[in-house]
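A.B. asks: Quick one, fold the following:
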Amino acid sequence: MGIGERLQQLRKEKGISQEKLAEQLHVTRQAISKWETGQSYPDLDNLGALCKLYGVTADYILYGEDTKTQKNRFYKKVKWIIFGLMSGSGAILCCLLPLFASMYQQSEFRTWGSCHTNANDYITEWPVLGILIIALALLLIGIAGIFLSYLISKYENSIQEFISDWISSWKQ
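C.D. replies: Next up is the predicted model:
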């Protein structure tokens, strides 16, 4: 959708005729028609007046996206990255647990002269158990965050309607 189509859509949503809009902006009806057909564009003063009249930003008129929409898209990407890094870090730590257990087994043998015969027995002892807890927490929080972010993005409108209906039912 181009600038002209957005201007026409916004005007029709407000229920204003081209003549009425032209009067409000102190331009001719033909100027409004040229803007809406893409033959010309409003100058900065008229663009500002249109933004004020329609209650939108210049970004929306010019690009079809509001800065709020751009920020929301950026924050969604950041959430995906953060949760992805968390789950990836948790998975890597889980994969490295046998290595940590082996290192702890060697440390025990050097310190005490004896140790468990199986390094994996050390996974249930404190230093390695702490790493296991952190790894599982990162993994689960990351996966849950990715899953919830997906659900929220997919069902955003339904969630907003549900919350709106729920709040309005409490007001009555």
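A.B. asks: Go through this structure and flag its longest helix.
C.D. replies: The longest helix of the chain (DSSP state H) is helix 67-112.
A.B. asks: What is that helix packed up against?
C.D. replies: Applying 3 or more Cβ pairs under 8 Å, 6 or more residues apart in numbering; DSSP states H and E, we find helix 67-112 packed against helix 126-154. Placement of C-beta: from N, CA and C, glycine included.
A.B. asks: Give the residue spans of this protein that score low on pLDDT.
C.D. replies: The chain contains residues with pLDDT under 70 at 66-70, 172.
A.B. asks: So what's the gap between the helix or strand that contains residue 31 and the chain middle?
C.D. replies: Under the criterion of DSSP states H and E, residue 31 resides in helix 29-37. Its chain's C-alpha centre and that of helix 29-37 lie 37 Å apart, by Cα atoms, centre = their mean, to the nearest Å.
A.B. asks: In terms of secondary structure, what does it contact?
C.D. replies: If contacts are counted by 3+ Cβ pairs under 8 Å, 6+ apart, helix 29-37 sits against helix 3-14, helix 18-25.
A.B. asks: Take the ones you listed and lay them out in TSV including mean neighbour count and distance to residue 142.
C.D. replies: TSV is the format used below for the helices and strands packed on helix 29-37 (neighbours: other Cβ atoms under 10 Å; distance: least, Cβ to Cβ, whole Å):
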stretch	mean neighbour count	distance to residue 142
helix 3-14	16	39
helix 18-25	15	51
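A.B. asks: Of all the ones you listed, which one comes closest to residue 59?
C.D. replies: The closest of the helices and strands packed on helix 29-37 to residue 59 is helix 3-14. By Cβ to Cβ, the value is 11.0 Å.
A.B. asks: Tell me which other helices or strands the closest one touches.
C.D. replies: Against helix 3-14 (3+ Cβ pairs under 8 Å, 6+ apart) you get helix 29-37, helix 44-54, helix 58-63.
A.B. asks: Most tightly packed of those?
C.D. replies: Neighbour counts averaged per stretch over the helices and strands packed on helix 3-14 are highest for helix 29-37, at a mean of 18; criterion: mean count of other Cβ atoms under 10 Å.
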